[in-house]
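**Q** just a sequence and a predicted model for now, questions to come.
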Amino acid sequence: MGTDDERQARERGLTFFAKSQLLSSDDVTRALTRMAHEIVERNHVVSTLTIIGLQTGGEPFARRLCTLLSEVTGEPTSLGLLDVSFYRDDLSLNPVPSASTTSIDHDLTNRTVVLVDDVLFTGRTIRAALNALTDWGRPRAVQLAVMVDRGHRELPIRPDFVGKNLPTSLDEAIVATLDGVWIGTKVAP
């Protein structure tokens, strides 16, 4: 993510100030490799599996997981990207986030969908993703893979596959990328 302590957060124009790096890029790679094996172990028929990365934080993790799953199974794995901006329940409280592109090129009916995101916090983004998925079919099952679970759930959402559990306080923030995971604070510019 760079060498200076100021990190640009992806959401709502906040600036992220890193206190420390918790996971290196090698740690992230190891966690994703483990998660890929866990996904294969749980879903024996990978031909009906679709990996859906949540825009924007989950996209790189979904792409990497898809590559790792193909390496583990020897079969291609379907990949999609999902923007949940207009499915969120906080649009009246916060400005409309900049929209990203949803890219799902097949019907999800009777498929197992693995939603992938960078950080699981309150669970509200995942709730929005579950609502958005209904526009693309009726999956047989939906599973959740996150790089970091930081706790503080407001909804009954639990991940199936976790890279790292990192309990945090409410005033701390986590930024997770393929280059590593940092803890710090977010402040308005």
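**A** Done, it's in.
**Q** state the next helix or strand along the chain beyond the helix or strand of the chain with the lowest mean pLDDT.
**A** Ranking every helix and strand in the chain by mean pLDDT, DSSP states H and E puts strand 6-8 at the bottom, with a mean of 35. Next along the chain after strand 6-8, taking DSSP states H and E as the criterion, comes strand 15-24.
**Q** buried residues in that following strand?
**A** 16, 17, 18, 21, 22, 23 (16 or more other Cβ atoms under 10 Å). Just so you know, the C-beta spots here come from the backbone N, C-alpha and C atoms, and that holds for glycine as well.
**Q** sheet partners, orientation included, of that strand?
**A** strand 6-8 (antiparallel), strand 180-187 (antiparallel) (DSSP bridges).
**Q** check the ones you listed for me and report the most buried one.
**A** Per-stretch averages of neighbours, counted by mean count of other Cβ atoms under 10 Å, single out strand 180-187 among the strands paired with strand 15-24, with a mean of 18.
**Q** need the three-state assignment for the residue nearest to the spatial centre of the chain.
**A** Nearest residue to the geometric centre of the chain (Cα atoms, centre = their mean): residue 117, 0.4 Å. When classified by DSSP: H, G, I helix; E, B strand; the rest coil, residue 117 comes out as strand.
**Q** could you measure from the closest residue in space to it that isn't next to it in sequence over to residue 171?
**A** The shortest distance from residue 117 to any non-neighbouring residue, by Cβ to Cβ, 6 or more residues apart in numbering, is to residue 58 (3.9 Å). Per Cβ to Cβ, to the nearest Å, residue 58 is found 24 Å from residue 171.
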